[in-house]
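Enquirer: sequence plus the predicted model coming up.
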Amino acid sequence: MTPPPDPLVPITPHPQLDELIGVLEKLRAPGGCVWDREQTHASLVQYLIEETFELVDAIEVGDHAELLEELGDVLYQVLFHADIAAEAGWFTLEDVAEHMRTKMVARHPHVFGDVSVETSADVVATWEAVKAVEKAHRTSVLDGIPQGMPSLALADKVLGRAAKVGVERAAAASIPATEEELGAQLLATVAAAKAAGLDSERALRGALRTVSDEVRAAEAAAGR
């Protein structure tokens, strides 16, 4: 049984969202759109990735009109996947929302509970502590990291997890002061690698596999 909504969370009607859900359901219903009916979770992955990157572009460019459009495209992907799952009898959009609501409430005990925090760092620490309990079944700090992430984002994530078990890489002797300068330096590195016939993407992923092996070895040694 779903618990009653917390009075701290206002209930706001979303008629346009309901209409969008209705449009999708009509498209995927018998007699609707043949293409929509044929789609699966797997067939939609390419569109989810594309729409997500387009949303990132809109955010980085700062174009509000594009941001509105791309948020809608990503939202539609969520609704699409939920409708496919509902048709298969796995779960519904309401289940997705309930699961997310429950997770967000649990991970913010300083808002919905009696935990006291003072800084953003405290919030992050609380989040990680709650998440650790939720994910107690995981056997490695690397578990849950999507390997399909872009290599630089993957590197940031893997290095952050590796540091938790004492596996760290020495920082570069010199690092630019701004992200603009850092971008230029990274681009120059890729350009030099390309000129030398090296694949930067493959090289970085290879280095990350080495770090991952070291992390798992450290965890095994510690009896994790």
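Expert: Nice, I can see it. Numbering: from 1, shown residues only.
Enquirer: not counting its neighbours along the chain, what's nearest Leu204?
Expert: Among residues not flanking Leu204 along the chain, Ser151 sits closest, at 4.5 Å (CB to CB, 6 or more residues apart in numbering). C-beta here means a position set from N, CA and C on the backbone, and glycine is covered the same way.
Enquirer: so how far is Ala207 from that neighbour?
Expert: Distance from Ser151 to Ala207, counting by CB to CB, to the nearest Å: 9 Å.
Enquirer: so who does the residue nearest to Leu204 touch?
Expert: Glu201, Leu204, Arg205, Leu208 (CB atoms under 8 Å, 6 or more residues apart in numbering).
Enquirer: domain map for this protein?
Expert: 15-89, 146-221 (automatic domain parsing).
Enquirer: low-confidence stretches in this protein?
Expert: Applying pLDDT under 70 to the chain flags the ranges 1-10, 224.
Enquirer: quick one: what helix or strand has Gly32 in it?
Expert: Here Gly32 is covered by no helix or strand, with elements defined by DSSP states H and E.
Enquirer: ok, Ala125 next?
Expert: helix 120-134.
Enquirer: and that helix, what does it pack onto?
Expert: For helix 120-134, the packing partners by 3 or more CB pairs under 8 Å, 6 or more residues apart in numbering; DSSP states H and E come out as helix 93-106, helix 109-112.
Enquirer: so for Asp83, which of the ones you listed sits nearest?
Expert: Evaluated over the helices and strands packed on helix 120-134, closeness to Asp83 peaks at helix 93-106, with 7.2 Å, by CB to CB.
Enquirer: check contacts around the spatially most central residue of the chain.
Expert: By CA atoms, centre = their mean, the chain has its centre lying nearest to Pro146, at 8.5 Å. When contacts are counted by CB under 8 Å, 6+ apart, Pro146 touches Leu154.
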